[in-house]
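K.L.:
return a 3D structure for these sequence lines:
(2 chains)
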Amino acid sequence: DSGVTQTPKHLITATGQRVTLRCSPRSGDLSVYWYQQSLDQGLQFLIQYYNGEERAKGNILERFSAQQFPDLHSELNLSSLELGDSALYFCASNPTGDGANVLTFGAGSRLTVL
Amino acid sequence: ILNVEQSPQSLHVQEGDSTNFTCSFPSSNFYALHWYRWETAKSPEALFVMTLNGDEKKKGRISATLNTKEGYSYLYIKGSQPEDSATYLCAFIKAGGFKTIFGAGTRLFVKA
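P.N.:
Next comes the predicted model:
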């Protein structure tokens, strides 16, 4: 157990729907990162939060949004889902939100859009 | 766009072979480089953080070197074992220290 908790582990939904993925960072970590891994693709950076504030943004679609709450957990909202959004979504955390510390990954949330 | 390239894409070796992979990254505005090991059906796990040009890090049979001036890092595995079979990822962090951008990884297969 890495200490980073992601729910749900698996999610199957239909095109056009909206889902929310949740992440609780490791105790003491202030920063949360979201990554998407589509079939045969690497980890694509979506967005990063530090202590409740957005710190960096990657290639995140406008249909996707995220936030980090005062208790430091984060949610990734995916709306108007398309078949191509089917992927494994990873959350990772680190203490300082910079490269001086490695990322600790959660187990991932596998989204299937039918 | 930050390009982080890893080569080779995949590698098949015999048990006992030593091997190495390359991670190439932009040489300007360097802040840090990470290496991760990612086993199938698991999550990536950190191996090393490297921040200074010339850094060498070692953990058991795995070691890594860093050249920030020319923009590359090598990961070495000495005496590969079947349990070393995994995807090895590098991640580049640009000065400012925020976005952590991963390469596509090198997939290692070690045959007993």
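
K.L.:
look at the residue lying closest to A:Ala100 once chain neighbours are set aside and give its secondary structure.
P.N.:
Excluding its sequence neighbours, the residue lying closest to A:Ala100 (Cβ to Cβ, 6 or more residues apart in numbering or on different chains) is B:Ala32, at 6.3 Å. Heads up, the C-betas are built off the backbone N, CA and C, glycines and all. Under DSSP: H, G, I helix; E, B strand; the rest coil, B:Ala32 falls in the strand class.

K.L.:
so what pLDDT did B:Ala32 get?
P.N.:
The per-residue pLDDT reported for B:Ala32 equals 94.

K.L.:
pretty sure it contacts A:Thr96?
P.N.:
No: counting by Cβ atoms under 8 Å, A:Thr96 is not a contact partner of B:Ala32; they are 11.3 Å apart.

K.L.:
more neighbours, these two?
P.N.:
With neighbours defined as other Cβ atoms under 10 Å in any protein chain shown, B:Ala32 and A:Thr96 compare such that B:Ala32 has more, 23 against 12.

K.L.:
that one bridge partners, please.
P.N.:
Legend: beta-bridge partners of B:Ala32 under DSSP bridges are B:Ile93.

K.L.:
who are the contact partners of it?
P.N.:
Contacts for B:Ala32 (Cβ atoms under 8 Å, 6 or more residues apart in numbering or on different chains) come out as A:Asp98, A:Gly99, A:Ala100, B:Val49, B:Met50, B:Thr51, B:Phe92, B:Ile93, B:Gly97.

K.L.:
what does chain A put close to chain B?
P.N.:
A:2, A:33, A:35, A:41-43, A:45, A:48, A:55-56, A:58, A:90, A:97-108 (Cβ under 8 Å from any Cβ of the partner chain).

K.L.:
now restrict those residues to buried residues only.
P.N.:
A:2, A:33, A:35, A:42-43, A:45, A:48, A:55-56, A:58, A:90, A:97-99, A:101-108 (16 or more other Cβ atoms under 10 Å in any protein chain shown).

K.L.:
and those, which of them are in strands?
P.N.:
Using DSSP state E, the members of those that fall in strands are A:Tyr33, A:Tyr35, A:Phe45, A:Gln48, A:Arg55, A:Ala56, A:Phe90, A:Thr104, A:Phe105.

K.L.:
hang on, the third one packs against A:Asn59?
P.N.:
Yes: the pair A:Phe45 / A:Asn59 is scored as a contact, 7.3 Å apart, by Cβ under 8 Å.

K.L.:
quick check, A:Asp98 in contact with B:Val49.
P.N.:
No: in this structure, A:Asp98 is not within contact of B:Val49 by Cβ under 8 Å, at 10.7 Å.

K.L.:
give me the helix or strand of chain B that scores worst on average pLDDT.
P.N.:
When the helices and strands of chain B are compared on mean pLDDT, DSSP states H and E, strand B:100-102 comes out lowest with a mean of 92.

K.L.:
from the contact counts, what lies against the helix or strand following that strand?
P.N.:
Next along the chain after strand B:100-102, taking DSSP states H and E as the criterion, comes strand B:106-111. For strand B:106-111, the packing partners by 3 or more Cβ pairs under 8 Å, 6 or more residues apart in numbering or on different chains; DSSP states H and E come out as strand B:10-14, strand B:19-24, strand B:86-94.
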